[in-house]
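Participant: I'll drop the sequence and a predicted model, then ask my questions.
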Amino acid sequence: MSGPSDYQPSNPALQWIERRLPIMGLIHSSFVVYPTPRNLNYWWTFGAILSFMLGIQILTGVILAMHYTPHADLAFKSVELIVRDVNYGWLLRNMHAVGASMFFVAVYVHMFRGLYYGSYKEPREVLWILGVIIYLLMMATGFMGYVLPWGQMSFWGATVITNLFSAIPYVGESIVTLLWGGYSVGNPTLNRFFSLHYLLPFLIAGVVVLHVWALHVAGQNNPDGVEPKTEKDTVPFTPHATIKDGFGVACFLLLYAWFIFYMPNYLGDADNYIPANPGVTPPHIVPEWYYLPFYAILRSIPNKLAGVIGMFSAIIILCFLPWLDNAKTRSSKYRPLAKQFFWIFVAVCILLGYLGAQPPEGIYVIAGRILTFCYFAYFLIVLPLLSRIETPRPVPNSIADAVLAKTGSKSTPMVSTAIVLALGGALFASSIDSARASEGNDKPPGNKWSFAGPVGKYDRGALQRGLKVYKEVCANCHGLSYIAFRNLAEAGGPGYSVAQAAAFASDYKIKDGPNDTGDMFERPGRPADYFPSPFPNEQAARAANGGAAPPDLSLITKARSYGRGFPWFIVDFFTQYQEQGPDYVAAVLQGFEDKAPEGVTIPEGSYYNKYFPGHAIKMPKPLSDGQVTYDDGSPATVAQYSKDVTTFLMWTAEPHMEARKRLGLQVFIFLIIFAGLMYFTKRKVWADAH
Amino acid sequence: MTTASSADHPTRRDFLFVATGAAATVGGAAALWPFISQMNPDASTIAAGAPIEVDLTPVAEGQDIKVFWRGKPIYISHRTKKQIDEARAVNVASLPDPQSDEARVKSGHEQWLVVIGICTHLGCIPIAHEGNYDGFFCPCHGSQYDSSGRIRQGPAPANLPVPPYQFVSDTKIQIG
């Protein structure tokens, strides 16, 4: 892409092709001999990381689409079946779901890098604008992808985001109906979102080609912001940039794998493990972390239309950046004032993200307004003003000079950026959870779970006892509809043999049919059957339980959570604490008190529970000492029952957890070795370039 | 990069490059496995392919029924004396896919023929009680099977396969 190539393959067959389609010449000139500035730092590897992530997302996405059913009644279940039944389905799903977050992590680093080093300035305006277009497409793709699992957050996220368009005067309502294909978010909406979610990544790939093309015409910017002048200023793309990018990707994979294998739900929302329910909105709707700053801007502006305009302007304004900042010096390295304001801007974005996850009340609203002002002021006031009043430091004559002048000392911006980004990422990620902390309940006490931590395993005894508690107590009201009897004999489960699972199944009566005469009939259960639900439908469950349908328990430990609050959610990232759900479930089972404390009134037909949100639970105290007989001598106490049944329900929610952690360990050992090898290879390759 | 080294003096640099390349290759190949393995039948499909039991009492002599096992149609024919005799009178060596009728049914239950009803030519479903051999006729390309489900005429290369099955009792079989 940098002019006609003089590349000539030696193989006659390749020569024959090359004369007719010079594709190898194109690759050779774009990715082999292409001159790349020799002073690029690791922030420049994020371009390669992003290409890699796009590839991963398309690959895993195409595969997930092979197993997914885009129907309002089946979507949620089909995702669960992918995770439970498809070979490595849990891995593919985690890769895709976490991959979306990683894609945004990388794109934000990439964008802030462009901002800091002035990569949007002449002659790279089109390159920058193409980047903004990619970012917009990514946001649309990510949003529609989040809708597909059809959980509560999917459904209500779709409702809230599509309703943004209703703010448009006169035609807003018609546009929203057009987007929905109905009178509300429903099956037609899901179908078209699936179609578009499949389409948009290929559009992104197309714009990425333009983005790379524009990059290769203008040439890469670099940390010093001076154009390469002589050959001494550049190194060939291969092997120098490829090996460095490869090392960058290997390091990024470590972070990616940390989430995939050890905390796949850390970046998600527990509510999305509850199937979509058009009749109940979750108490606190939050978008995925990567939209939070814009969500905060939306909520800061008290007028509906103005809020929507503000939110979209916050992104569109990036397109005008090349003209808002017309300082001649590109890199903030040589702009002392711009550098400081850049870091303030980074902090503003992170804080906006934090506020986006908080309830829109009190101090949060005021802070949101101030920060929204700061966000726009950076582009509309600070940058235009700086380009007039700032006196930049002298830039080096050439890249070669800059490299020679650079001593061994690491520049502080890199360190501080790393700190700010790590902090910000963690803050973003879990601010969703911290939002719930404000609901004023007692925090569930922590437990020692056998399945916690990077090598945690299920306690087989607890699983078997928990199954007994479920069968004798919980199953009277709660279903377990994603669990088949065959699962009881699977590796990483309660450890029953195939024969034992079959015998367990045959105790159940399963409705089957119709038979040859068209009648339904009952037969003994088989391993392939699923646990039968205690009620034929939700209405019956509701009617029999005082108006509150007992939830299905298959996913309950992943569908319930509680706020961890600052700074715990940052600590959790490092300690791999993933047990909010089990802690909550165990706490609720033990949190019943006969008498509500002074000043708390519990409505008729409800019971006081210390840990249930709002304290009034429709479920009566389910467990009492001695209720279930244990054969293995474990104490027959409520505490023990709760712990066992919670362990069992953790397994029903994550049946492949042991396989996940085991594979994770293998992947980590490999990645650490591989990243080490890549590092030393990179040093060797670059030895003659420094 | 490696021009400085020669073949008989491998350098540390060469070793590093080879090791890195090997690690990348091994890692890449291992990473491919989940993407291929996911194409195989999933656990619920495998579980649903468990053996089934079929009650033979309602099937009168000369009748046949079609049941599905693992998504495949299984023909269960209650053969008449004439059909059995015809199937056993053939010179086995003259058949395109030589196989005796005795080998295709369970001894003591000769009246029952159990075959997978999928034409061995290109997978169409043959029609029972049609064709020239008192057996099956495939409408797609004209393959004809006899009353033992053996190919007699047409493009199909092999006999209709016999699925794994056993008699649980005189009137009940388990397929699979």
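Facilitator: Structure's in. What do you need?
Participant: what's the offset of the longest helix belonging to chain B from the middle of its chain?
Facilitator: Counting residues, the longest helix found in chain B (DSSP state H) is helix B:12-37. With CA atoms, centre = their mean, to the nearest Å as the basis, helix B:12-37 stands 38 Å off its chain's centre.
Participant: again, but for stretch B:94-106
Facilitator: Relative to the centre of its chain, stretch B:94-106 is centred 17 Å away, using CA atoms, centre = their mean.
Participant: Up against chain B, what does the stretch 501-650 of chain A have?
Facilitator: A:516, A:526-528 (CB under 8 Å from any CB of the partner chain). Yep, even glycine has a C-beta here, placed from its N, CA and C like the rest.
Participant: are any of the residues you listed buried, and which?
Facilitator: Neighbour-count burial (16 or more other CB atoms under 10 Å in any protein chain shown) applied to these gives A:526-528.
Participant: Convert the C-alpha atoms of the helix or strand following the longest helix of chain B to PDB, please.
Facilitator: Going down the chain from helix B:12-37, the next helix or strand is helix B:43-48, by DSSP states H and E. Provided in PDB are the C-alpha atoms of helix B:43-48 (Å, rounded to 0.1, in the frame of the first residue of the first chain):
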ATOM      1  CA  ALA B  43     -23.900 -33.700  25.000                       C
ATOM      2  CA  SER B  44     -27.700 -33.400  24.700                       C
ATOM      3  CA  THR B  45     -27.700 -34.800  21.200                       C
ATOM      4  CA  ILE B  46     -25.600 -37.800  22.300                       C
ATOM      5  CA  ALA B  47     -27.900 -38.300  25.300                       C
ATOM      6  CA  ALA B  48     -30.900 -38.200  23.100                       C
END
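Participant: thinking again about what came up before, give me the helices and strands touching the longest helix of chain B, please.
Facilitator: In terms of contacts (3 or more CB pairs under 8 Å, 6 or more residues apart in numbering or on different chains; DSSP states H and E), helix B:12-37 is packed against helix A:89-116, helix A:657-686.
Participant: could you dump these to CSV with mean pLDDT and mean neighbour count?
Facilitator: What follows is the helices and strands packed on helix B:12-37, written out as CSV (pLDDT from 0 to 100; neighbours: other CB atoms under 10 Å in any protein chain shown):
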stretch, mean pLDDT, mean neighbour count
helix A:89-116, 97, 22
helix A:657-686, 96, 17
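Participant: how about these in JSON lines, adding distance to A:Val171?
Facilitator: Shown next, in JSON lines, are the helices and strands packed on helix B:12-37 (distance: least, CB to CB, whole Å):
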{"stretch": "helix A:89-116", "distance to A:Val171": "31"}
{"stretch": "helix A:657-686", "distance to A:Val171": "48"}
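Participant: my guess is A:Ile617 meets A:Val588, correct?
Facilitator: Yes: A:Ile617 is within contact range of A:Val588, at 7.4 Å (criterion: CB atoms under 8 Å).
Participant: ok, the buried ones among the residues of the stretch 501-650 of chain A next to chain B vs chain B, which is closest?
Facilitator: The shortest approach to chain B among those belongs to A:Ala528, at 3.8 Å (CB to the nearest CB).
Participant: where does the closest one land in three-state SS?
Facilitator: coil (DSSP: H, G, I helix; E, B strand; the rest coil).
Participant: my read: it touches B:Ser44, true?
Facilitator: Yes: using CB under 8 Å, A:Ala528 is in contact with B:Ser44, at 7.4 Å.
Participant: where do the contact lists of these two overlap?
Facilitator: Residues touching both A:Ala528 and B:Ser44 by CB atoms under 8 Å, 6 or more residues apart in numbering or on different chains: A:Ala484.
Participant: Show me the longest helix that occurs in chain A.
Facilitator: helix A:187-218.
Participant: Would you mark the buried spots in that one?
Facilitator: A:187, A:189-190, A:193-194, A:197-198, A:200-201, A:204, A:208, A:211-212, A:214-216, A:218.
Participant: what packs against the helix or strand just after that helix?
Facilitator: Later in the chain than helix A:187-218, the nearest helix or strand by DSSP H and E is strand A:234-236. Judged by 3+ CB pairs under 8 Å, 6+ apart, strand A:234-236 is in contact with strand A:35-37.
Participant: what does the strand it packs on rub up against?
Facilitator: Strand A:35-37 is contacted by residues A:2, A:219-222, A:228, A:231, A:233-237, A:240-241, A:399 when judged by CB under 8 Å, 6+ apart.
Participant: Throw together a PyMOL command that grabs the buried residues out of those residues.
Facilitator: Filtering these down to the buried ones (16+ other CB under 10 Å) takes a single PyMOL command:
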select buried, chain A and resi 219+220+221+222+228+233+234+235+237+240+241+399
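Participant: Let me know how buried residue 48 is, in neighbour terms.
Facilitator: All of this is about chain A. 19 (other CB atoms under 10 Å in any protein chain shown).
Participant: hmm, I had chain B in mind actually
Facilitator: 13.
Participant: How about B:Thr171?
Facilitator: Neighbours of B:Thr171 (other CB under 10 Å): 12.
Participant: any idea how far it lies from A:Val107?
Facilitator: Using CB to CB, to the nearest Å, we find B:Thr171 at a distance of 68 Å from A:Val107.
Participant: now swap in B:Lys66 and tell me
Facilitator: B:Lys66 is 56 Å from A:Val107, by CB to CB.
Participant: before we move on, what about A:Asp224?
Facilitator: For A:Asp224 relative to A:Val107 (CB to CB), the value is 24 Å.
Participant: Could you report the pLDDT at residue 160?
Facilitator: Answering for chain A, as no chain was given. For A:Val160, the pLDDT comes out at 94.
Participant: Chain B, not that one
Facilitator: 96.
Participant: Could you do the one 4 residues further on as well?
Facilitator: The confidence metric pLDDT takes the value 96 at B:Pro164.
Participant: What of A:Tyr562?
Facilitator: So, for A:Tyr562, pLDDT stands at 87.
Participant: next one: A:Ile432
Facilitator: Note on A:Ile432: pLDDT of 48.
Participant: For A:Gln57, list the residues it contacts.
Facilitator: For A:Gln57, the contacting residues are A:96, A:99-100, A:103, A:201, by CB under 8 Å, 6+ apart.
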